[in-house]
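Engineer: this one's structure only:
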Ligand code: GLC
């Protein structure tokens, strides 16, 4: 049996007490080995967060027992996966990775309905499938399921938890990792914890930030942002009286609600909250979830006088959750959802915290480049903000279920002579078609005239010009995807965008959607667009054919995996260019040179700029070889992927 000398006495006893009689020695030894490795870290992190709080030791002992129970509950196939992934910890950085995201109800009706789409998803080449929140949630507006009433129950309209576990197994057999949200910053106000708090139970009142009057809310609101001002101003809502759900009589008390009034922030200053949520997390892990999308990570810790975002304790707690998984479900990875300043986004990414992160900067800057026909901000971001620690990966996406916010750094923009605030205003006007000649047909989201803040909702096709009938629309859609497919990391496709689905304005008339324009970019399964996908006379057919080709080429191009990226100065603000050093399938050292042109007319990389390259390159997208001696012409909104031998590079 592995030594556990570094696990402190009480915890050692708690572990042993949790062993069940039927647990095989070998399985128990595996658990003990992982506990010996990770428990000291977990304990240190929790003591750092909770200091001398007398509840910490007690909660730790409970947590350890929970870890042991969860491991013993873990199905054999998932334990085998744990071992396989421990042996191959960077499995998710392969160039064969391709993510897809969908809402089960909107795309397929139910979990059973989704199974009928699996052949198509496999044919696309997905290796990662994010099912948008599918847990029990309040009727009507539930923030698209981001208000969770039970982490252990699937929304009955979609199916059951048993069906989700079966689907996970089926996906696993098909080489597709299942991704679901772990919405751990808040619960819905109908979660049993919230209901008990409403009923006056002191234990569960302690799970939330409840204040007796406006004194503390006013003090916090001096420094926190308003996230959903359309729903309520500030970060607090009246705390209702009585256990009967929403709309009870106001008691004069207030509860923290960063997002909607029915999403109550959990109080992680209470160690019992961490332990309880770790239990919910492990429950999901044991259903066969491969990757947890850690929702709203920036908000989980609050401190008076600060923005209450990305505080050091938020990182410590994520690391503690990470340690929990390393002990009891090591196959599981975290993806951080931190849509914040780029300096902060990257702080969540490490093998000990979140191994994977959305790349909101790249996403926003692709759209910025297309609107301004100026790729310099994107080029600069690739040069200075693309690097990640070893063993981690970006998730690169063209757009998500959410709005697009312009999260680039003001200082980065200033270096290029770009006034950040004026540029954001331009982008907002451009993408909601309030700018002369705009090709975009987006919709404003959380337009806040008081702060001047605004974000953009819209599908890829509608934002890129296809809805407006702009001649460059199809090529812009392909260009945006070609960037996400060539910068490394896991490319993530919003399903339906591959057949150029347009905005769905009717979705705003559905129950609970009226106040949230993001529903415009969450259309139901676009059956008509899918039916046209082989018809090359339609934008759906053109986007589908173009994208399928890009996907096939990426799958055959190992250099496009990983994260190594070297910027290439093409000496033209409309040209974004970079090299992806690596190895070709035959093992030779190569570099793939990527050049994209965001302008509306062809641009040329001149011969002098290319003089460090060999005279010929393998053209990965068009096939054959391409002479470079006379320069490289890149068509309007065009993309070039060229492979050159590495030792030819100057
Ligand atoms: C994340 C989700 C968003 C949701 C919010 C609150 O940002 O992406 O859709 O509104 O968290 O849970």
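Structural biologist: Thanks, I have it. Only a predicted model underlies this, so the values are computations on that prediction, with no experimental measurement involved.

Engineer: count of residues packed around residue 139?
Structural biologist: 8 (other C-beta atoms under 10 Å). Just so you know, the C-beta spots here come from the backbone N, C-alpha and C atoms, and that holds for glycine as well.

Engineer: same check, this time on residue 24
Structural biologist: For residue 24, using other C-beta under 10 Å, the count is 8.

Engineer: Repeat that for the one 4 residues further on.
Structural biologist: Close neighbours of residue 28, defined as other C-beta under 10 Å, add up to 19.

Engineer: again, but for residue 116
Structural biologist: So residue 116, with other C-beta under 10 Å, has 10 neighbours.

Engineer: Surely it and residue 110 touch.
Structural biologist: No - in this structure, residue 116 is not within contact of residue 110 by C-beta atoms under 8 Å, at 10.0 Å.

Engineer: Identify the residue of the stretch 501-650 of the chain closest to the ligand, quick one.
Structural biologist: residue 518 (7.0 Å; C-beta to the nearest ligand atom).

Engineer: would you say that residue is within a strand?
Structural biologist: No - counting by DSSP: H, G, I helix; E, B strand; the rest coil, residue 518 is not found in a strand; it is helix.

Engineer: Could you check how far the nearest residue to it once chain neighbours are set aside is from the ligand?
Structural biologist: Nearest non-adjacent residue to residue 518, counting by C-beta to C-beta, 6 or more residues apart in numbering: residue 457, 4.9 Å away. Separation of residue 457 from the ligand (C-beta to the nearest ligand atom, to the nearest Å): 11 Å.

Engineer: cool, and residue 188?
Structural biologist: 10 Å.

Engineer: Is that residue in contact with residue 147, as I believe?
Structural biologist: Yes - judged on C-beta under 8 Å, residue 188 makes contact with residue 147 at a distance of 3.6 Å.

Engineer: got any residues that touch both of those two?
Structural biologist: Listed contacts common to residue 188 and residue 147 are 137, 138, 262, 263; contacts here mean C-beta atoms under 8 Å, 6 or more residues apart in numbering.

Engineer: Tell me the most packed of the residues you listed, by neighbour count.
Structural biologist: Ranking the shared contacts of residue 188 and residue 147 using other C-beta under 10 Å puts residue 263 first, with 26 neighbours.

Engineer: which ones are touching that residue?
Structural biologist: Contacts of residue 263 (C-beta under 8 Å, 6+ apart): 143, 146, 147, 186, 187, 188, 189, 257.

Engineer: Do a quick rundown of the helices in the stretch 301-450 of the chain.
Structural biologist: 312-328, 342-345, 360-372, 376-384, 410-415, 420-431 (DSSP state H, counting those that start in this stretch).

Engineer: from these, which stretch is densest packed?
Structural biologist: helix 360-372 (a mean of 25; mean count of other C-beta atoms under 10 Å).

Engineer: ok now that one, how far from the chain's centre?
Structural biologist: A distance of 17 Å separates the centroid of the chain from that of helix 360-372, by C-alpha atoms, centre = their mean, to the nearest Å.

Engineer: elements contacting that helix?
Structural biologist: For helix 360-372, the elements it packs on are helix 342-345, helix 376-384, strand 393-397, helix 420-431, helix 473-484, judged by 3 or more C-beta pairs under 8 Å, 6 or more residues apart in numbering; DSSP states H and E.

Engineer: who does the third one touch, helix- and strand-wise?
Structural biologist: Read it as strand 393-397. Partner elements for strand 393-397 (3+ C-beta pairs under 8 Å, 6+ apart): strand 356-358, helix 360-372, helix 473-484, strand 490-494.
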